[in-house]
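> 3D model of this:
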Amino acid sequence: MEERYMKMSDGYFVFTRTLTPAIPCIGHFHILHGMAEHSGRYLKFARILCAAGYAVTMHDHRGHGETASYNGTLGFFAEKNGFDRVVEDAHEVIITMHAQFADVPFILFGHSMGSFIARRYIQLYGNGVDNVILCGTGNVSTLHKIGHYVAQVLAMQLGKELESPLLNKLSFGSFNKQVPNAKTAYDWLCSVEHEVQKYIDDPYCGFIPTNQFFVDLTAGLMVLNRKKEIEKINKNLPILLISGSKDPVGDAGQGVYTVAERFVEAGIQDVTVYLFEDKRHEILNEDNHQAVHQVLLRWLKKYDTK
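From the prediction side, this is the model:
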């Protein structure tokens, strides 16, 4: 595995990882991680993909993981337009990394917040994507608009880089209510106790984002949910939406289907939804993760990514 920092067009340094298969490469997979975590949590998944013949690249978003440790603040994207900047980071990283795998198909994988970044990415740069997998995604609602307004007020009154326990609670506070006999504040993530504990013990996970982070994130969500933006997606781009049937981010599947329906309404021809019964948000860490891998690889095989 190669690890290095890549300089972005605005001078910011983003931490990247590259895993190259030992067998002939059949595709290039780029992973966009979720909120309050980092790309290192996807190494097990990346090695499974490598064993199947995929080159895998990933990076830590601004305000996350090694990227934040090197030149930023945990939970802070930028002074303004942070979501746009994070999407542009993904594009710059992917363009650079795909150059070494240019003769194979490119697959974009995004989990949770990473799925929202991926959704904006395919609106802007979808012609360079062969397949997209949206894991643990959800619908954008009126609550996000309200959250955007509250975040703007808090950022103005209290400061952009101040942690926001209020907005964090508004975003995730109700998620654990759906988990019977929850032992930790993060049980909604996964039903496997030791995986939840690994998240809790990780210094790069579970931090409280800043006021400006919530301004930027909610602004990005509202933009990517606009009908005219969804209609920019390549109509022939195959899209797979995968989630747990008890994932609160996807509103127990309902939000996932709403997103899929909006894709179909926009004329996208190949949209598939796969829900894993009784599983929560991080399906890659659930006890049936091998079945998740098989579903992904079987879906990709349909498109002859040899």
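> Tell me which residues of stretch 193-209 come out buried.
Along stretch 193-209, the positions that meet the burial threshold by neighbour count (16 or more other C-beta atoms under 10 Å) are 195-196, 199, 202, 204-209. Any C-beta I mention is one placed from the backbone N, CA and C, and that applies to glycine too.
> what do you get for stretch 231-249?
Applying a neighbour-count criterion of 16+ other C-beta under 10 Å, one finds 233-234, 237-244, 246-249 buried in stretch 231-249.
> same check, this time on stretch 29-47
By neighbour count on 16+ other C-beta under 10 Å, the buried set for stretch 29-47 is 29-42, 45-46.
> Pick out whichever of the buried residues of stretch 231-249 sits closest to residue 139.
Proximity of the buried residues of stretch 231-249 to residue 139, judged by C-beta to C-beta, is greatest for residue 249, which lies at 9.4 Å.
> I'd like the distance between the residue nearest to that closest one when sequence neighbours are not counted and residue 244.
Leaving aside its chain neighbours, residue 249 sits nearest to residue 138 (4.4 Å; criterion: C-beta to C-beta, 6 or more residues apart in numbering). Applying C-beta to C-beta, to the nearest Å, the value for residue 138 to residue 244 is 12 Å.
> was I right about residue 285 contacting residue 193?
No: counting by C-beta atoms under 8 Å, residue 193 is not a contact partner of residue 285; they are 11.0 Å apart.
> Pull the contacting residues for the residue nearest the centre of the chain.
By C-alpha atoms, centre = their mean, the mean C-alpha position of the chain lies nearest to residue 114, the distance being 1.5 Å. Residue 114 is in contact with 31-34, 61, 135, counting by C-beta atoms under 8 Å, 6 or more residues apart in numbering.
> same question, residue 108
The contact partners of residue 108, taken as C-beta under 8 Å, 6+ apart, are 30, 32, 94, 118, 121-122, 129, 131-133.
> try residue 144
With contact set as C-beta under 8 Å, 6+ apart, residue 144 has these partners: 218, 221-222.
> Now rank those residues by neighbours and give me the top one.
When the contacts of residue 144 are compared by neighbour count (other C-beta atoms under 10 Å), residue 218 ends up highest, at 24 neighbours.
> Could you tell me whether it really is in a strand?
No: using DSSP: H, G, I helix; E, B strand; the rest coil, the assignment for residue 218 is helix, not a strand.
> residues in contact with stretch 290-301?
Stretch 290-301 is touched from outside by 27, 45, 48, 52, 107, 131, 133, 240, 242, 272, 274, 276, 283-284, 286, with contacts defined as C-beta under 8 Å, 6+ apart.
> before we move on, what about stretch 64-72?
Contact partners of stretch 64-72, identified using C-beta under 8 Å, 6+ apart, comprise 5, 12-15, 33, 35-40, 59-63, 74-76, 204.
> Next step: the residues you listed restricted to strands.
If you go by DSSP state E, the contacts of stretch 64-72 have 5, 13-15, 59 in strands.
> Max pairwise distance over those residues: which two?
13 and 59 (10.5 Å).
> So between these two, which is more surrounded?
Just comparing residue 13 and residue 59: by other C-beta under 10 Å the higher neighbour count belongs to residue 59, 28 against 16.
> So for the nearest residue to that one once chain neighbours are set aside, what's the pLDDT?
Once flanking residues are discounted, residue 59 sits nearest to residue 16: 4.4 Å by C-beta to C-beta, 6+ apart. In this model, residue 16 is scored at 98, pLDDT.
> how near is residue 16 to residue 30?
Residue 16 is 10 Å from residue 30, where distance means C-beta to C-beta.
> which residues are common contacts for these two?
Overlap between the neighbourhoods of residue 16 and residue 30 consists of 57-58, 93, 97, taking contacts as C-beta under 8 Å, 6+ apart.
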